[in-house]
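Asks: take a look and give me a structure for this.
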Amino acid sequence: MYKTATVALGGNYDHSKELVIEALELLKKLSKIEFKQSSLYQTAAISPIAQSDFINAACSFKTDLSPHDLFHEMEKIEKSLGKVPKPKDFPRPIDLDLLFYEGVFSDRPELTIPHPLWQERLFVLEPLSEITDCVIDPRTNTPIFLSQLIKKQSAQEVKKLQTT
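Replies: Residues are numbered from 1 along each chain as shown. Here you go, the predicted structure:
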């Protein structure tokens, strides 16, 4: 049975725009049907360390992989695109976050679904709002309307770059 997975992408190296585009193509290969992707966005880094802006995007797709198998495939994609372990808040070439997996709530250290803090990050909400109006909270099975969450965010500037 196919389930919908939702992924946020980002990176802030000089070539992260190309890496995000390549990661979207690689994620598309994990999709069985209904692959949707947002435009690319440029976002200032939220970090105590001075660094370049991020390039962000989001996608959703149907997959027959389990959440853990999908997460491991996403880790393989990250590594293939040059991601290596780094301390929190350091620049990174690419980052793939599994935001949602249809019907699944997981509060395990190795995989938390929905992704922590997703509701507080405009760099996640703006791209995500291009591919869906709302998401279903897997804990309560209730809809969360993205436009309402976006209205609450004002501290971060997110600039739409292009349609992918």
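
Asks: ok, residue 159 to residue 146 distance?
Replies: Noted for residue 159: a distance of 18 Å to residue 146, by C-beta to C-beta, to the nearest Å. (Each C-beta comes from the backbone N, C-alpha and C, glycine too.)

Asks: looking at the two, which one has more neighbours?
Replies: Neighbour comparison, residue 159 and residue 146: the larger count goes to residue 146, with 20 against 11 (by other C-beta atoms under 10 Å).

Asks: next one: phi and psi at the more buried one?
Replies: phi -70, psi -30 (degrees, to the nearest 10).

Asks: the residue lying closest to it once chain neighbours are set aside: what secondary structure?
Replies: Spatial nearest neighbour of residue 146, excluding adjacent residues (C-beta to C-beta, 6 or more residues apart in numbering): residue 129 at 4.3 Å. Assigned by DSSP: H, G, I helix; E, B strand; the rest coil, the conformation of residue 129 is helix.

Asks: I figured residue 129 was touching residue 145, is that so?
Replies: No - under the criterion of C-beta atoms under 8 Å, residue 129 makes no contact with residue 145, lying 9.5 Å away.

Asks: between these two, tell me which one has more neighbours.
Replies: residue 129 (18 against 12).

Asks: what pLDDT does the residue nearest to residue 146 get?
Replies: Note on residue 129: pLDDT of 95.

Asks: please save the CA atoms from stretch 61-74 in PDB.
Replies: Presented in PDB, the C-alpha positions along stretch 61-74 are these (Å, rounded to 0.1, in the frame of the first residue of the first chain):
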ATOM      1  CA  PHE A  61       5.000  11.700  -2.900                       C
ATOM      2  CA  LYS A  62       3.500   8.300  -2.600                       C
ATOM      3  CA  THR A  63       5.900   5.500  -1.600                       C
ATOM      4  CA  ASP A  64       5.700   1.900  -0.600                       C
ATOM      5  CA  LEU A  65       8.800   2.200   1.600                       C
ATOM      6  CA  SER A  66       8.300   2.100   5.400                       C
ATOM      7  CA  PRO A  67       9.100   5.300   7.300                       C
ATOM      8  CA  HIS A  68      12.400   3.800   8.500                       C
ATOM      9  CA  ASP A  69      13.400   2.500   5.000                       C
ATOM     10  CA  LEU A  70      12.500   5.900   3.500                       C
ATOM     11  CA  PHE A  71      14.600   7.700   6.200                       C
ATOM     12  CA  HIS A  72      17.600   5.400   5.400                       C
ATOM     13  CA  GLU A  73      17.200   6.000   1.700                       C
ATOM     14  CA  MET A  74      17.100   9.800   2.400                       C
END
